[in-house]
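K.L.:
Sequence and computational prediction follow.
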Amino acid sequence: MKMVLLMYLEEDRGCVQRLLADHEVPVFTEMDAEGHRPGSGPGWYGKSAPYASSMVVAVVPDERADELLEAVAECSGLEDARHPIHAYQLGVERSAATGPRDG
């Protein structure tokens, strides 16, 4: 089992949702985030403005995680090519949940 973390600009939410649907990832957690990048920018304090970003976390079988990362690497048509979708795959050693147990 693997955990996949996707980070992307809010404008690319539709693209990420299509990736998840195309690779049969029906259960995931999506949250808004504020992206930051080092460097100076316009404004009174000379700091870069944060980016409206989002993150998705999903736990999937190993082979689905591999397929999903490959699909992200091949993804095109983003709102801003300077801000690609980032995907990370992490191993899940163990998990637990509350509530009644099946069987």
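P.N.:
Sure, I can see it. Residues are numbered from 1 along each chain as shown.

K.L.:
buried set for the helix of greatest length in the chain?
P.N.:
Ranked by number of residues, the top helix in the chain under DSSP state H is helix 62-74. Neighbour-count burial for helix 62-74, with 16 or more other C-beta atoms under 10 Å as criterion, is recorded at 64-65, 67-69, 71-72. For the C-beta atoms, the positions are set from N, CA and C on the backbone; glycine is no exception.

K.L.:
What of stretch 87-101?
P.N.:
Under 16+ other C-beta under 10 Å, the buried positions of stretch 87-101 are residue 87.

K.L.:
do stretch 78-86 as well
P.N.:
Neighbour count says stretch 78-86 has 83-85 buried, by 16+ other C-beta under 10 Å.

K.L.:
tell me the least confident of those?
P.N.:
In terms of pLDDT, the least confident member of the buried residues of stretch 78-86 is residue 83, at 88.

K.L.:
buried ones in the helix or strand of the chain with the lowest mean pLDDT?
P.N.:
Lowest on mean pLDDT, DSSP states H and E among the helices and strands of the chain sits strand 29-35, with a mean of 92. Neighbour counts using 16+ other C-beta under 10 Å place residue 35 of strand 29-35 among the buried residues.

K.L.:
That one: partners in the sheet, and parallel or antiparallel?
P.N.:
strand 51-60 (antiparallel) (DSSP bridges).

K.L.:
how far off helix 62-74 does the strand it pairs with point, in degrees?
P.N.:
150 degrees (axes from the mean of the first three to the mean of the last three C-alpha atoms, to 10 degrees).

K.L.:
buried ones in strand 51-60?
P.N.:
Quick answer for strand 51-60 (16+ other C-beta under 10 Å): 51, 53-56, 58-60.

K.L.:
what is the mean pLDDT for that strand?
P.N.:
94.

K.L.:
what comes into contact with that strand?
P.N.:
1-11, 13, 16, 20, 25, 27-37, 68, 83, 92, 95 (C-beta atoms under 8 Å, 6 or more residues apart in numbering).

K.L.:
Many thanks, I have nothing further to ask.
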